[in-house]
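Peer 1: The sequence isn't on hand, but the structure is:
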């Protein structure tokens, strides 16, 4: 089996899910899109549409941990969603520590001149790109 080089990163949230694309060979991660939905079924459908459209070799997903490294209440739900995504997309899914990635996204936009609403609209895709860069630099915590 060939090692995956192209990745789609998914940063799921209750209202918004950030997506980013990246290539491990170049180490470049780029924000792609933000999915706006509170419906788990609709979120999955839209992620699978992005998988089909972009054709990644594998998926990366943020794992929400407490600052001390313990699982947060959302971590188990994330693992469950990662397994569902793996089964539906028929691709490997790697879980990556997502601590501070939203802060990295906020920092990247701090001097951008964007309004609060514009920043909010981009934040999740930027956080997904930060998760993907962390994956390229540090690897995965686990595979779903």
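Peer 2: Sure thing, it's come through. Keep in mind that what you see is a predicted model, and the values were worked out from it rather than measured.

Peer 1: Quickly find the element holding the closest residue in space to residue 31 that isn't next to it in sequence.
Peer 2: The shortest distance from residue 31 to any residue other than its chain neighbours is 3.5 Å, reached at residue 125 (CB to CB, 6 or more residues apart in numbering). All C-beta atoms are positioned from the backbone trio N, CA, C, and that covers glycine. Residue 125 belongs to helix 116-138 when assigned by DSSP states H and E.

Peer 1: so what secondary structure elements neighbour that helix?
Peer 2: The contact analysis (3 or more CB pairs under 8 Å, 6 or more residues apart in numbering; DSSP states H and E) places helix 116-138 against strand 6-11, strand 16-23, strand 28-36, strand 58-63, strand 93-97, helix 101-109.

Peer 1: wait, which of these is closest to residue 52?
Peer 2: Distance to residue 52, taken as CB to CB, is lowest for strand 6-11 among the helices and strands packed on helix 116-138, at 10.4 Å.

Peer 1: residue contacts, the residue nearest to residue 31?
Peer 2: Neighbour list for residue 125: 18, 19, 20, 31, 32, 33, 34 [criterion: CB atoms under 8 Å, 6 or more residues apart in numbering].

Peer 1: Neighbours of the first one, how many?
Peer 2: If you count neighbours by other CB atoms under 10 Å, residue 18 ends up with 28.

Peer 1: got any ranges where the chain has weak pLDDT?
Peer 2: Residues of the chain that meet the criterion pLDDT under 70 lie in 1-2, 99-121.

Peer 1: Could you rerun that using 80?
Peer 2: 1-4, 66-67, 69, 72, 98-123, 140-142, 144 (pLDDT under 80).

Peer 1: rewinding a little: report the distance from the helix or strand just after the helix holding residue 125 to the chain centre.
Peer 2: Under the assignment DSSP H and E, the closest C-terminal helix or strand after helix 116-138 is strand 142-143. Centroid separation between strand 142-143 and its chain, computed with CA atoms, centre = their mean, to the nearest Å, is 14 Å.

Peer 1: So for the helix holding residue 125, what gets flagged as buried?
Peer 2: By 16 or more other CB atoms under 10 Å, the buried positions in helix 116-138 come out as 119, 122-136.
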